[in-house]
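**Student:** Here is a sequence together with a model predicted from it:
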Amino acid sequence: MRPEHAEHLVDPITKEPLQLAIHQQVGKHVMSGVLRSARNEYKITNGIPRLLPPDTAHTSSFQAHQQKNAHSFAYEWNNIYRENTYEKQNFLHFLNPFVREQDLAGKKLLDVGCGSGRFTKQAALAGAKVVIGTDHGQSVEAAFALTSDLPNACIVQADIYHMPINAWADVAFSIGVLHHLPEPEQGFRQLPVTVRSGGQVLIWVYNRRRNFRAVYIFETLRRITRHIPKPLLYRLGYAPAAGVHILNQITLGLQELGRSKAARKIPFAYYANFPFSMKVNDAFDVFATPKSNYYYVEEIAAWFSHANLARIKTHEHPEAGITAVGSLQ
């Protein structure tokens, strides 16, 4: 982290301000040090503030689920993910149709569940004033490596249920994260706390409507595949990725022939312009994740309503995802 980013962080338990003590600084980054509140102390290691609550903050079963999630995604982002030229397009797709690239310029942004840091990076490149990306597991190592050259990006290891941000962000977004949590709506309820008055909360989650393939086929297979050792499952993921790639070639061929409507009907058309490495990455994601939940758009709108957010808007994407946004009054 850069020293100036410490002022944006708070104690995840007490929400008190944190004081920075630097032990080692390399270039612009504090590589080791401590962040202290009046009651607690949190280490900075490898350039990353470790603002996790004590283990006693959750039940043992809750912790076990969180750790399985963290381990699975850390393996994915540290060992499989390869940055590609379509990440900007991908990021803006998830924000669409409610937030545009130009809307991010000059804003304070929070990326909750940042994974590899790919969307933290895209938000920073869009001209945000500051972007803080948080994740629970060791995927923060990959995220720091991906964003360390960006002066307006900061990666923090944090628990979504105890966020080290308080009434700070202009926009807090969480893309593809909440549906994997042990208590998804409770996790969502922590996002408005991080946003200033008038700020926005935006999420993308799996859609249940018209998603037979994921709900009934992928989930059935996942009961077995999630127990396969991660390195082996990664290799096995090349088979479904190859199938998707073949379908994508059909999609592209139809587009070349001017048959755009027919092309959109081919399964996995969304992946047509993505590199093969991303298809392998997502195949692993589908079959390795400990748990996924699927929602109707009405349920997600209710989350926002229960959290007393205003100007709630929802959008169902063709590839079976839901983008929703609301504002803190």
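**Tutor:** Yes, it's here. Numbers count the residues shown, from 1 in each chain.
**Student:** after the biggest strand by length in the chain, next one along is what?
**Tutor:** In the chain, assigned by DSSP state E, the strand with the most residues is strand 195-206. Counting by DSSP states H and E, the element after strand 195-206 in chain order, helix or strand, is helix 212.
**Student:** what's the average pLDDT for that next one?
**Tutor:** Helix 212 comes out with an average pLDDT of 92.
**Student:** could you dump the following helix or strand past that helix to PDB, C-alpha only?
**Tutor:** Using DSSP H and E, the helix or strand that follows helix 212 in sequence is helix 219-225. Taking C-alpha atoms only, helix 219-225 is exported to PDB below (Å, rounded to 0.1, in the frame of the first residue of the first chain):
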ATOM      1  CA  GLU A 219     -24.500 -27.500  -9.700                       C
ATOM      2  CA  THR A 220     -25.000 -31.300  -9.900                       C
ATOM      3  CA  LEU A 221     -21.500 -31.800 -11.300                       C
ATOM      4  CA  ARG A 222     -20.000 -29.400  -8.800                       C
ATOM      5  CA  ARG A 223     -21.000 -31.700  -5.900                       C
ATOM      6  CA  ILE A 224     -18.300 -34.000  -7.200                       C
ATOM      7  CA  THR A 225     -15.800 -31.700  -8.900                       C
END
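**Student:** which of the residues in helix 219-225 are buried?
**Tutor:** For helix 219-225, the neighbour count (16 or more other Cβ atoms under 10 Å) marks Arg222, Thr225 as buried. Just so you know, the C-beta spots here come from the backbone N, C-alpha and C atoms, and that holds for glycine as well.
**Student:** just checking, what packs against it?
**Tutor:** helix 276-288 (3 or more Cβ pairs under 8 Å, 6 or more residues apart in numbering; DSSP states H and E).
**Student:** pretty sure Glu7 is in a strand, no?
**Tutor:** No: membership of Glu7 in a strand is not supported by DSSP: H, G, I helix; E, B strand; the rest coil, which gives helix.
**Student:** how about it, what does it touch?
**Tutor:** Listed by Cβ atoms under 8 Å, 6 or more residues apart in numbering, the contact set of Glu7 reads Pro17.
**Student:** tell me which residues in the helix ranked longest in the chain are buried?
**Tutor:** Ranked by number of residues, the top helix in the chain under DSSP state H is helix 238-256. Under the neighbour-count criterion of 16+ other Cβ under 10 Å, helix 238-256 has Pro240, Ala241, Val244, His245, Leu247, Asn248, Thr251, Leu254, Gln255 buried.
**Student:** With respect to Asn79, which of the residues you listed is nearest?
**Tutor:** Nearest to Asn79 among those is Ala241, at 15.3 Å by Cβ to Cβ.
**Student:** For the closest residue to Val205 other than its chain neighbours, the count of nearby residues, please.
**Tutor:** Leaving aside its sequence neighbours, Val205 sits nearest to His179 (Cβ to Cβ, 6 or more residues apart in numbering; 4.6 Å). A count of neighbours around His179, defined by other Cβ atoms under 10 Å, yields 22.
**Student:** returning to what we had before: ok, which pair from the buried residues of helix 238-256 is furthest apart?
**Tutor:** Those two in the buried residues of helix 238-256 that are separated most widely, counting by Cβ to Cβ, are Pro240 and Gln255, at 22.5 Å.
**Student:** packing partners for the helix or strand of the chain with the lowest mean pLDDT?
**Tutor:** Sorting the helices and strands of the chain by mean pLDDT, DSSP states H and E puts helix 60-75 at the bottom, at a mean of 86. Judged by 3+ Cβ pairs under 8 Å, 6+ apart, helix 60-75 is in contact with helix 139-147, helix 230-236.
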